[in-house]
Each structure stands twice: as structure tokens, then as C-alpha cells.
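Q: I would like to see how this sequence folds:
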Amino acid sequence: MKMWDGKGLQPNDQFMLVLESNVGERRTAIRQLQDLSTYPTVVAQLKGRKGLDGLIARTKVLVLPDPRGSAVAQISTRQACTSFEAEMYFADLLGVVGHLSDDNGTRAANAYLGLAVSDVQQRFDVLQPLLTSAVVEAALTDGLCSAVDFLTPDENPLFYLGVDAQASHVAAGLVVERPELRVAVLNGLESRRNALIHGVSGSGKSAVLWEAAYASRHAVRWFQIQRLPPTAIASLVQLARSRRATADAPVGFIIDDVGRGLSEGWTALTAEVNRTPGLLLLASVREEDRYPLVDSRHAAQIKVQGDDTLAERVWRELSDRGQTAWQGWREPWALAAGHLLEYTHVLTQGHRLSETLRAQIAARMNDVTRHDELDVLRMVACVNAAGCGAIVSELPRVLSKPSTTVSLALTRLKDEHLVQDAHDNRIVGLHELRSAELLRLSHDFPPPLLATTAANAVWLVPASEMSRFLERTLSRHEECDGEVIEGLALRLEAAPTPALFDAILTGLDRTNAHRVIRRWLQTAEAQAMAKSLRGTPVGFAIGDIEPPNIGPVVPATQRFTEIRAEVIASGLTARFLARLAPSDWRRVLQAASSMEDLTRLMASLLGQVIPASHLDELTTLSPQLVDADFQAVVSLLKVTAKVNRALAIDWVNAVGQEALFQRFSNHVAWAEAPSLSPCEEGQEVRSDIWFVATSVQTDANHEVYQTCETLLALTPAADIASSNALGADGAIIPSIVRDFPLARKRMPRANVPAPEQVIRNRAWLAILNAYLATESYTAYLAQCLDLLNLLVPNIRVLLDGQFRGKKDAAALNVLGRVYDVAISLVAPQEEQPAAEVQKWSRLPSILSNCSVDLVRRFLELPQGAPAYMGWLANIQKSIATAASEEPWNVLSIEAPKELDELRRLVEALQTMAGESAKRGRHPFLTHHCRTAPKGSALGKAALAARRYREAELKNLEGRLRAELTAISPGIGVHLLAEATIPEVWPPADVLVIWPMNTDGTGVDLATSWQAWRALVEDGRKICVLPVMDRLGLTSLAASGFDSLLPVLPSERAHPWCVAAELEAAPLDSLNVFTRLTNPLAELQGIDAYWTSKGTRTPGEERIYQAVSENLYKAREAWSNLALTDDIKEAGLLLVDAALLGEFPIANAAARLLHGERTQTIEVIELFVLELTLFDCQRSAQTRQ
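A: Residues are numbered from 1 along each chain as shown. Below is the predicted model of the structure:
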């Protein structure tokens, strides 16, 4: 302790430690004096100090919770005066003591000045004639202010539900400390003596204010202002003077919420603070009340916003009190967008948000000068409640008010309820929850009606946000339909743009979706299906797909189709199109200045009933199908055929089908000229794709699909599109696995949706999901976690009992309940861009599958064991995905251990299933143990099965090594545990290490392969890795089931080197050679295609040029290699021969896929071998 280390201390000196509260205890108001020895915990921490016992004996601890209050009470008793007069005596003494302390700082220890009892009495005697209590106490007795009580705590259980913070809440320790804001307030008081804390309603301004006041309570005498007419300033100043306010001992005034009629008084008091040293002013104000304040520039302004620490503390306190059902704070905090008032509302669904906003609405209603604010707020809140921004420039016209009036109203509303985005001239709401409540409250006493406000609001919504506005507004308020449709028609008449029309139709269509889905969910057919499965019939219905005749799927699909047809025929889109006059529709079409605009218009009509007059207008159009951008034409015809196929056929016939076929040939790379011919289904359009530009053609199936998609778009008369992938030899490319084409498509038109159709269908499914999903992802994950906690132990209990010959009905019932809940779980989905594929949560399927099928299929073993093992492998993948992709952080945890426990359990069952298949009997028979202790039988069975698996793998490896080496002496045999096909048991592929001599000779692979294949059971892939000097030659690696094929790229063979404890050979020279042969083959393939087709597209020519440049760079790299002259020259000759067509690499590679080995392939293989040997020999020399 520092006081024991002072200089000049004498052996008999006594010490006193003064504390505000007892050590280790909560803040207390009990005054006491004790010896330090009564604090054993503190004494224990001081051990080891020289002379400790003597120092402790001479040290006392004085606890003074309220030094000021105690002193004032003693003075009041001694002087027989009021407590207010005693405060003035105390203030005077405080100043005297302060000056003496300053003087003592420059004096020697034996010359310190002190204050004797007689000195204290002398100061009292001097002051006594000057005191006049009536004048001094005027500010207090008149109720202008009151002294702040920082001692009395208020343990209000409703504090975190949202109440106005007070000093008593700080004293109780309820207020969350916000150190940065507190320091900012204290710095403001120190620098300007005037601090103004501002923020939106419910942001925690009062808490910060009282926390700062509490932190400075020993240095500042604080009074809270209750009312403050401008004439009361003199009384407040007199009160401060009576307290002998100085810069060293200031008096402070607190105004919590300046906006409650204290604005003028705050301004007057600010002026007094500016000219009177020793006065402090600490105030809070809402954003809407800050702008009218005069002289606010004189105050240090501190803005209060929420933060993560505060959000977590509020959630924890509410959770501990049982006042929120949320099991995590992150998601509700994100939903509240950082606003505390909304955050508390989300957590508790309480009344504070509504009460706070109701008071603000009432203030505007009761003040005729603020009615303009109410009109602006009502209109903008209607837009903001849908999550949209309002166009500022349209407000004066829509409200029929002068721009200056609207601007003044927005100034008051800004930052409290609205946030202006000056970049695009929009006003957006502070939060949708706040805007929605303001919208409701502002229509409590019509007029205007909500429908009228919504109809006017459509003029304020940007076209880009109109669909959102209509969906969110009309899906919540059906009473607005008529007036909103009329408002939309008028706006479109005033500004007939394709973008606006598309947004209107999209928004109305999605509102129709809400109404269809709500009606369908109430039907018996929908309720007959589990909640998590209801998306299946809806998906069939909106995709116009005939459902399989499985259980309740068919009637649920048919019922949805009926309701949808009824709503589409008479719903919002139909009413709007009927309201739109043909002349106005014509103007919309005329405004479509580009193919993209026309495509957007057609997309908006998907799934709608188009009036005959509107369809006639479309028929008279003549889109520039021949001259417009090719991809734009394809997009237009794709969507038009889905809207009205006859219309698309008319447009194509107007320019001629052959003209579009020619455009196809001119723009679709690597495609043969299309043809149209009769087929069984009607008309078939065909064009094959040459798969020759491998640098850009990376997915043959995707290329073929895109070709068919384009063919169907350009040929609306066709019912089928077909295409094959062709090689450089013009023949269909076979698959490398089985004897069928690599990529072949024959696609009916119904199976090829337009992209816009996919977007619409996904939007309908997302709306369905919103009705079915759990209310939040936090609740969803918490429920899944609860089910996992039930699932794993009960599976263990059930199976453990079976291994002991016991049945556990309770565990079986629990698993049944887990299944029932799991099939009703639907995960909430976040709104994603249309181009992105929605990720689906795997947890419901994991829980439902593992609670029923996992056990049921295990009980059926050994029947279906191979399929069961493959199914379990997929379950393990799903568990891994759930562990890595689910946002577990919303529960403030990482992936739960229960998932890992389930994975290990599934892995054990998979092992036992393999053993069951091998032995031909059930695991319960193999590992039956009636005497095993409860809870141990399953573990013992899993361990035994795992040992059996390891033994089988060892036996398999030993058997194959013996049998294969007998056929091919010198080879090595290993097992690769990561089997290609997990259903084969024990799961492992076979790795053959094929030794090569430095001259390239070794085991004859061609003659050995068939013998190896005969010894290795079907389903196990054989992998061959040539080896030289302990180096794995990955460039020569091959693998296969029925035949050996090269491993491409060679990096895929690197794990084989690890399994065989080999080092992968460096293949620098071979890699450069590959850089030569790849572009050569590509150029030859392109030349062969051009020769066949006779024409070329600009895109093809650009690719050809890029490949030629790559060949040139590769040739330079080859020339710079440190190779022998004969190898280098041979490589250059090969390049020249290939360019002259004398060395057909592309054709040879194509024929190889058909099983035909040509001389060209043999030459290339010889090059590969020589370069591999060269690289290995050079590596060996380097290692030596």
C-alpha cells in the first residue's frame, strides 16, 4: 500500500484508509470504522512485506458511503440549521480544505498546515449572518429542482423492458456502463461546462446522462430540473451561489429530456452557464427536439447509439428475468438495426415502442403548428413501413403544401423518425417497426383513411422499389386494394415506363401469392401434409409439373392449382390490367425503347391472364429480331414463349425461322447449323456442339444444355430440342466411365423454364416459406439443438438396450416425438439476390432421418446394407454441412458438440452395417451381450465392429498384395481408405505402385491390367502410380473401374504419393510440354470444326487467337528449358508438324476415347515418358 511507503514515516504513526464501500461487497450505505486485521482476504494478499504485522495493527479502515451527506448532517446538528444552510457551510469548508491541500503540496512533511476545530467554528461564525434560508431555498421549495439522490437504489424488475433511467437505477447497478460515452460527456462538461446528449427515442440517452452524473458525484453537486420557466433562472443561480459554486467545486443542473417544454429554459440557462464559472449543465434531448434549440452550438453534443455490449447485457438481463423468449441476442439486434427502442420491442413484444410513439403523435395532433409534420410523417411512414424510400421532391405536390413547409417539417422529423439519403433524393425510415407503428397510430382517428394514404403514397415510391411497397402494403392491408390500384393506374398514365409497369405487376403478383398461400394453408389438403413438406406440392403447382401419386401430394397440388387459378383470374393483377386502357397499354409498349425493356414487360406478364385487347396490341409489335443484340433476342423469345407461345411464333414467322437459324450460326460458338424436323412429340430442333476449345469449354453438359435452351428460344414452334457433344473427329464423345455419350440432351420445352420464370417461382416459394418458417433463426436453431439433445442419447439408449436383449419403449417414444417436431421445422430464409441459389438448412432432414430411418434401416440389417451405408455417408456429409454453414453464432456458440456426437454415432452404425453385410447376420446377433452394464453394449459393439473393419482391411491388403505381386512381381499394393464407392466394404480403393526403371521399362501394364481387375472385386477402383527412385510419377498415373484412363490433372494423384509414403516427382519439363500440346490440340480441333461448318463466329476467332498466343509463349518456354538438344529439337519439330496438320493430336485424343490408340498417341506417350525420366534423373542428381 502506497501510504505505508511514504517518506519520513515514524514508528508510531497511525494510518487510516477511507473507502466508499466495503471491499468485496456490493455498494452499501453503512458507515463503519474497523481495523485492517478484520479483512483477512486483504491481509492474505499482503503477505511477504517486512514489518507487516506492525503496519496492520496501526491501520484502520473507515467506510464513508456518503462523506458529503454525513458532513452536512453533522453541521446541521451542530449549528441547529437547515440542511440547505449546512450545505453552504460545507461548501465553504471544502474550499478552505482544498486551498490548504494545494499549499501542503509544496511544504515539507513537518511543516504541513491543518484545520483545527476552532478554525472550523470561526468559518461558521463568519457565514452565519449571511444566510437567509428563504431566498436560498426558493429554487427548491418552489419545485424548480431537487438535489439528486445517488444513494437510494431502485431494483425495478421492469427496467430492461424499457423505462426512463434514473439516478436510483444507476445506484442499483442496473444501468449498463458505456465508458466511451461517459468519458465524452465528462470531457464535454470539463471543456464547455455544458453537455447535450442526443439520440433517437429509446436509444439510452437518460442512462448515459445519469451514469456520467453518478461518476462525477463527488466533485459536482447535482440538482435535477423539474420545471424551468425563463424567470426561474435567477433562483437557480442564487441556489448555486449559496452552495459557493466555484470552478473547483461546481454546482450542476440536470435536464433529462429538454423537449418536454424546457427548450426556452435550457437556452436561458445555457447563457447563464456561459458567463458564470462554477455552473455546469447536463441535458438530454431527442433528435426531433434538438433542431429547434437556440445556441446548441455552445454545448458539447454527444450522440448516443446502441452497441453490441449493451445489446448483449439487455438480452441477458431480460433472459434471466424470464422476460424474453429469445435464446440469443445477435439476431434481434440485427433485426432492430441497432435501435434500442426497436430492440426491446423485438425481444419482449412490449408496449414501450407504441407508448413512446403515441405520445409523439399526440403532441403533434394537439399542437396546430405541428400538423404539417403529422401530414408528412403519415405519408412517408406509409412508404417506409414497407421498407422503401420516399422521393422527397414529390412530397410537396402529393401533400399540396409549399416546399418550405415540407422542408421545415422534415427538419423536425429527421434523425428521430427519418433518415435522408441526399445522394438519391430519398427519405427512408429509421426502422420499419417504428414506421409501421407510426403509420398505425397516425390513422387511429381518420380522416384520412389508410387506403387514401396508401393510394397517395404510390406517387412517392421509386419504380425500383414499387414491387416491394405493393407486396408489403397490400398483403397486410387488403382494404387498400381499390384505391391503390386506381392510384397505380393514374401514375402509369402519367409516366408510362416499362420499369414502372414491371414493378407494379411484380408487386401485385407477389401480393396474389400471399393471398393464394394463406387460403391454401387453411385447406384440409394442405394441413394433411407435414409443415416441412408443404413446399413440395406448391413447387409442383407453380412449376406446372405433374406430381407423383404419393400420399397427400396430389390432392394438395390440385387444391393449390385451383386456388391460384381463381385468384389470378380475379385478383390484383387482373383488376389492374382491366383498369389499364388499351391506349395506356399502347403507350407503355411504345416507351419500350430497347429489347431489354420489352423483355421486362413480357416477364411481368408471366402467369397472368392477359386481356384480349392487350394481347392484340402485343401482336401488332414488330420486335427487331434480326438486327437487335443476339442475346437480347434470345432472352425476349424465351420469356415470350412462356407468356404466350402463339405470340412468339407470330413474331418469329414475321422474320422467318431461317433468319433466326442464321443468327444462331453467327453467334453460338462451336455449334453446327440447326435444323427443324418432325418428331413424335411434334417438332424437334437440333444442333450439336463441338467440344474442341477446352480452354473455355470446361463443362460439356452445361454447353449442351445452353445450346438446347437457345434453340428452343429461337424456335418457338419446336417442342423438343436436342444436342450432342462432338469431339475433334466429329463423332459423339463417349463417357469415360460407361459406354454412353458424355453429354447428350433431348429436352421438352416444358422442362426448360425461362430465367424470369425461375425468379417468379422462387419468389412464390419464399413467400410460402415465410408463412411456414419458425419466427426467427435463433428460435429455429435453439429448437434444433433441443431436439439434438434428445436424439443422440435416446438412439444410444434404444440400440444399447437391443444389444443387451432389452427393449426401451420410452426411448422409442422420444424418437417418435423428435420426428414429429422435425417434420414441422422450417428454417427462415434470408432475402437473396435472384441470381443466387437459396441455401437450405439440412437440420430438419438430419433430425427426421436419424430419428426414424436411421434406426429402422439398422434393424433390417443385413438386408439393404450397401444402400444403407451409402445413405449414411450422405447423412455424414449433411452433418458436416450443418456444422459449418449454420449460423450458430446467433446462439453465441460454435457448432454444437451434439452434432459431432451424432456424426460419430452414424459412423459407428455405418461400420456395423458393413460388418453385417460381410458376416451375413445382424449386429445384434454378432455382438449380443446380456450381461453388459447398461449404457456400455453399444460402445462395445461399435469398438468390436471397428476392429473387425481394421482387420478386414489388413486382410484385404495382405491378400491383394500377395495375389497381385504373384502376377506382377515388384509392384507395391496399398489401400486408399477414401473409397470412391462407400457401399463396398470394407471401403477402400486399391493403389498399385508400378516400379519403372531409369530406361522406362518395368511391369507390363497392358498385360497385367485384366489379371488385376479379375482379382479386385467390382466397385473398387484400381489406381496405378508409376514410381522411380522413390518418386511418384503422377504424370503417368492412371485409374479406372473397367479400363485405365489417365489422371487429369496429375495433381489428383498427389494423395496417392502420401498413402505410399512417396514424394511426388517434380515435372517441370513435362509441364512445359503439356503447355505445348494442349494449345496444339485445341487449335487442331477448332480447325476441324471450322472445316466441317464452313463459317466461324467472331467469338471463335478471338479464342483461336488467344490460344495461338498461348502456344507462342509455351514454345518460348520450351526453348528456354535446360534440356538436351535432341529432346528440345524433337519437341519443336512436333510443334511444326502439328501446325502443318501432319501430327493430328486432337483427332488422336478423340479416337483414344473410343478405345483406338494411334501412332500419334504413342509418340506423345514416348515424349511424356522421356521427359518424366529426365525430370526424375535431374531431381536425383539434385538430391545427391
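Q: make sure residue 975 is indeed in a strand.
A: Yes - assessed by DSSP: H, G, I helix; E, B strand; the rest coil, residue 975 belongs to a strand.
Q: surely it meets residue 956?
A: Yes - applying CB atoms under 8 Å as the test, residue 975 and residue 956 come out as touching, 6.7 Å apart. No exception for glycine: its C-beta is placed from N, CA and C like everyone else's.
Q: overlap of the contact sets of these two?
A: residue 988 (CB atoms under 8 Å, 6 or more residues apart in numbering).
Q: assign residue 1027 to helix, strand or coil.
A: Per three-state DSSP, residue 1027 ends up strand.
Q: wouldn't it be in contact with residue 995 here?
A: Yes - the pair residue 1027 / residue 995 is scored as a contact, 5.4 Å apart, by CB under 8 Å.
Q: who has more neighbours out of these two?
A: residue 1027 (22 against 16; other CB atoms under 10 Å).
Q: quick one: list the elements packing against the longest helix seen in the chain.
A: Longest helix in the chain by number of residues (criterion: DSSP state H): helix 937-967. If you count contacts as 3 or more CB pairs under 8 Å, 6 or more residues apart in numbering; DSSP states H and E, helix 937-967 packs onto helix 777-803, helix 897-919, helix 923-926, strand 972-976, helix 1005-1015.
Q: follow-up on the earlier one: can you check which residues contact both of residue 1027 and residue 995?
A: Common neighbours of residue 1027 and residue 995 (CB under 8 Å, 6+ apart) are residue 972.
Q: so how far is residue 732 from the nearest residue to residue 734 once chain neighbours are set aside?
A: What sits nearest to residue 734 in space, not counting adjacent residues and going by CB to CB, 6 or more residues apart in numbering, is residue 1153, at 5.5 Å. Using CB to CB, to the nearest Å, one gets 10 Å for the distance from residue 1153 to residue 732.
Q: how close does residue 1181 get to residue 1126?
A: 19 Å.
Q: if we can go back for a sec, could you tell me the angle between the longest helix of the chain and helix 777-803?
A: 80 degrees (axes from the mean of the first three to the mean of the last three CA atoms, to 10 degrees).
Q: now do helix 937-967 against helix 1005-1015, angle only.
A: Using the same axes, to 10 degrees: helix 937-967 against helix 1005-1015 is 140 degrees.
Q: list the buried ones in helix 937-967?
A: For helix 937-967, the neighbour count (16 or more other CB atoms under 10 Å) marks 937-938, 941-942, 944-945, 948-949, 952-953, 956-957, 960-961, 964 as buried.
Q: which one of those residues is nearest to residue 823?
A: residue 938 (26.1 Å; CB to CB).
Q: leaving out the residues flanking it, which one is nearest to the closest one?
A: Nearest one to residue 938, counting by CB to CB, 6+ apart, is residue 800 at 4.1 Å.
Q: show me the contacts for that neighbour.
A: Applying CB under 8 Å, 6+ apart, the residues near residue 800 are 934, 935, 936, 937, 938, 939.
Q: change it to 7 Å
A: Applying CB atoms under 7 Å, 6 or more residues apart in numbering, we find residue 800 in contact with 935, 937, 938.
Q: residues contacting the second one?
A: Okay, so that is residue 937. 800, 803, 804, 929.
Q: and these as a markdown table, adding distance to residue 500 and pLDDT?
A: As requested, the contacts of residue 937 are exported to a markdown table (distance: CB to CB, whole Å; pLDDT from 0 to 100):
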| residue | distance to residue 500 | pLDDT |
| --- | --- | --- |
| 800 | 66 | 94 |
| 803 | 69 | 93 |
| 804 | 72 | 92 |
| 929 | 75 | 89 |
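Q: buried subset of those residues as a PyMOL selection?
A: To isolate the buried members of the contacts of residue 937 in PyMOL, using 16+ other CB under 10 Å:
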select buried, resi 800+803+804
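Q: for residue 886, state which of the contacts of residue 937 is nearest.
A: Of the contacts of residue 937, the one sitting nearest to residue 886 (CB to CB) turns out to be residue 800, at 28.8 Å.
Q: and residue 1137, how many neighbours?
A: Count around residue 1137 with other CB under 10 Å applied: 16.
Q: the host helix or strand of it packs against which elements?
A: For residue 1137, the host element (DSSP states H and E) is helix 1125-1139. Contact here means 3 or more CB pairs under 7 Å, 6 or more residues apart in numbering; DSSP states H and E; on that basis helix 1125-1139 packs against helix 1068-1093, helix 1098-1119.
Q: what comes up buried for stretch 1122-1140?
A: Those would be 1123, 1127, 1128, 1131, 1134, 1135, 1137, 1138, for stretch 1122-1140 by 16+ other CB under 10 Å.
Q: can you redo the residues you listed as TSV with distance to residue 380?
A: Below are the buried residues of stretch 1122-1140 laid out as TSV (distance: CB to CB, whole Å):
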residue	distance to residue 380
1123	76
1127	78
1128	77
1131	74
1134	75
1135	71
1137	76
1138	71
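Q: who touches residue 609 in this structure?
A: 568, 569, 574.
Q: dump the residues you listed to a markdown table, plus distance to residue 224.
A: What follows is those, written out as a markdown table (distance: CB to CB, whole Å):
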| residue | distance to residue 224 |
| --- | --- |
| 568 | 63 |
| 569 | 66 |
| 574 | 63 |
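Q: all helices for the stretch 701-850 of the chain, in order.
A: 755-772, 777-803, 809-822, 843-848 (DSSP state H, counting those that start in this stretch).
Q: deepest-packed of these, please.
A: helix 843-848 (a mean of 23; mean count of other CB atoms under 10 Å).
Q: which elements pack onto that one?
A: Packing partners of helix 843-848 (3+ CB pairs under 7 Å, 6+ apart): helix 777-803, helix 809-822, helix 865-885.
Q: C-terminal to that helix, what's the next element?
A: Toward the C-terminus from helix 843-848 - assigned by DSSP H and E - lies helix 854-859.
Q: what residues sit buried inside that following helix?
A: 854, 855, 857, 858.
Q: quick one: average confidence on it?
A: Averaged across helix 854-859, the pLDDT comes to 95.
Q: from the chain's centroid, how far away is stretch 908-925?
A: Offset of stretch 908-925 from its chain centre (CA atoms, centre = their mean, to the nearest Å): 42 Å.
Q: and stretch 757-766, by the same measure?
A: Taking mean C-alpha positions (CA atoms, centre = their mean), stretch 757-766 and its chain are 20 Å apart.
Q: would you mind giving the domain segments of the chain?
A: 2-130, 133-305, 656-691+703-735, 775-941, 968-1064, 1068-1183 (automatic domain parsing).
Q: could you dump these to CSV with distance to residue 316?
A: Formatted as CSV, the domains of the chain follow (distance: least, CB to CB, whole Å):
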stretch, distance to residue 316
domain 2-130, 18
domain 133-305, 9
domain 656-691+703-735, 53
domain 775-941, 10
domain 968-1064, 45
domain 1068-1183, 59
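Q: out of those domains, which is closest to residue 579?
A: Taking CB to CB, domain 775-941 is the member of the domains of the chain nearest to residue 579, at 28.1 Å.
Q: how about the helices in the stretch 301-450 of the chain?
A: According to DSSP H, counting those that start in this stretch, the helices that the stretch 301-450 of the chain contains are 308-320, 330-335, 340-348, 352-365, 371-384, 395-399, 403-413, 432-441, 450-457.
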